[in-house]
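> With the input below, show me the fold.
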Amino acid sequence: MATLGSHRVATDQPLVRFGADQAIIRGAVVRDGRETVVEIEVNPGRANRARLNRSPLTRPRDVLGTLRTVLFAPEDLTLVKGDPGERRRFLDDLLVARQPRWAGVRSDYDRILKQRNALLKSAAPVLKRGNRGAPRRSSALAEGENPDAARADALHTLDVWNAQLAGVGAQLLYARLRLLRDLGPHVGTAYEQVSAGVSAAEATYRSSLRQATAERIAAGEVPEITELQNELIASFEEVRREEVERGVTLVGPHRDDVVLRLGDLPAKGYASHGESWSFALALKLAAYRLLAHDLGDDPVLILDDVFAELDTGRRGRLAELIVDCEQVLITAAVAEDVPKSLVGQTYSVTLGTVEPVEPA
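So this is what the prediction gives:
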């Protein structure tokens, strides 16, 4: 309901009960005394549908922003130990939760990137003529076609895609940098609270742009969108030969990373297992606090089987930090894993059957 996807699986099929054709997810969201009914119709293999207060929406993503959640699950350890794509996804998902319009920008960037990569692959034999010297006959050329004219046309088309990708990419990069700037203080504070004051945590942005600009960004500077757009175009020109050789786009937000550090060392590869858990928790708590500050009300906090992964000290400190949150959903296979200070309604879920558990 909050993200139009699952944090566990990449496709919709596992979300639908075995033997059924579709699933309906429905919930009432109450904010400032007003109730909004959100419905998501999950149709594996076909387009999903969404409704607000029973009214169909043209695009499912128009439902984004009605319900805001922050979820922490065991899989989130990959934010620290995993590939750059995990950290980029964390930033972009938080961008959308903060301002839903960024879902459209993300979609546009992915679409243009895919088309530019397709051009680099299909036109590589033609484009390579200017990089390798002597002309060669290529299957990419039609019978009787002028090789020089074909290369000029391919270069012009590539320049068009460069401009389009730079335009959308600069917006996405600018938004990420502003977000990380706002998120940073919350990360440091949350890590200190979760880890009982051991080490200082920080997150910086590693850009794929040219070195001078990348260094400014790593230092915390946020260039304007126009400058970022010009830098992207200049960076495309700088790596054109390598892109043509490899048939893939080597510069842009899809190649960037968020560097997580504990003191003077990168967390990835150096942090202990407990420190990595604390950092992942700190990132999610920081996201929660940023959204609560921006929106003026608390998002729903979801802790999916988290307490089983934490030692006793971290369990207690996490419980202290979330006890005053407006609404928290916790799953646990073993009830004793959840600290006693977290009191609320308990449900038993067995083979798809949900029943309330009366307090002992």
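
> can you confirm Glu355 is in a strand?
Yes: per DSSP: H, G, I helix; E, B strand; the rest coil, Glu355 lies within a strand segment.

> List the contacts of stretch 79-96.
3, 64, 78, 102-103, 106, 172, 175-176, 179-180, 183, 253-254, 256-258, 260, 267-268, 271, 276, 279-280, 283, 287, 290-291 (Cβ atoms under 8 Å, 6 or more residues apart in numbering). Backbone N, C-alpha and C define where each C-beta goes, glycine included.

> taking those residues one by one, which sit in strands?
Using DSSP state E, the members of the contacts of stretch 79-96 that fall within strands are Asp257, Val258, Leu260.

> By neighbours, which of those wins?
In terms of neighbour count, Leu260 stands highest of the ones in strands among the contacts of stretch 79-96 at 24 neighbours, by other Cβ atoms under 10 Å.

> Break this structure down into its structural domains.
Split into domains by automatic domain parsing, the chain comes to 1-65, 85-290.

> For Ala203, which three-state class applies?
With three-state DSSP as the basis, the three-state label of Ala203 is strand.

> separation between it and Asn230?
Distance of Ala203 to Asn230, computed by Cβ to Cβ, to the nearest Å: 26 Å.

> Also Ser6?
According to Cβ to Cβ, Ser6 stands 39 Å off from Asn230.

> likewise Asp76?
In this view, Asp76 and Asn230 are 36 Å apart by Cβ to Cβ.

> Show me where the stretch 101-250 of the chain has its strands.
With strands called from DSSP state E, counting those that start in this stretch, the stretch 101-250 of the chain shows them at 201-206.

> picking that back up, who's more crowded, Ala203 and Asn230?
Neighbours were counted for Ala203 and for Asn230 using other Cβ under 10 Å; Ala203 has more, 22 against 15.

> which residues does that one contact?
Residues in contact with Ala203 (Cβ under 8 Å, 6+ apart) are Leu180, Leu183, Gly184, Val187, Val258, Val259, Leu260, Arg261, Leu283.

> Surely Ala201 touches Pro266?
No: assessed by Cβ atoms under 8 Å, Ala201 is found out of contact with Pro266, at 11.4 Å.

> Now the common contact residues for these two.
Shared contacts of Ala201 and Pro266, counting by Cβ under 8 Å, 6+ apart, come down to Leu260.

> Could you check which of the two is surrounded by more residues?
Taking neighbours as other Cβ under 10 Å, Ala201 and Pro266 compare with Ala201 leading, 26 against 12.

> Just give me the neighbour total for the residue nearest to that one when sequence neighbours are not counted.
Using Cβ to Cβ, 6 or more residues apart in numbering and skipping the chain neighbours, the partner closest in space to Ala201 is Tyr191 (3.6 Å). Using other Cβ under 10 Å, Tyr191 has 28 other residues around it.

> From here on, call the first residue 19.
OK, 19 is where the count begins now, so the last one is Tyr209.

> Show me the shaky parts of the chain.
The chain contains residues with pLDDT under 70 at 142, 145-170, 216, 378.

> Just want the angle from the helix ranked longest in it to strand 219-224.
Longest helix in the chain, counting residues (DSSP state H): helix 165-212. Counting by axes from the mean of the first three to the mean of the last three Cα atoms, to 10 degrees, helix 165-212 lies at 170 degrees to strand 219-224.
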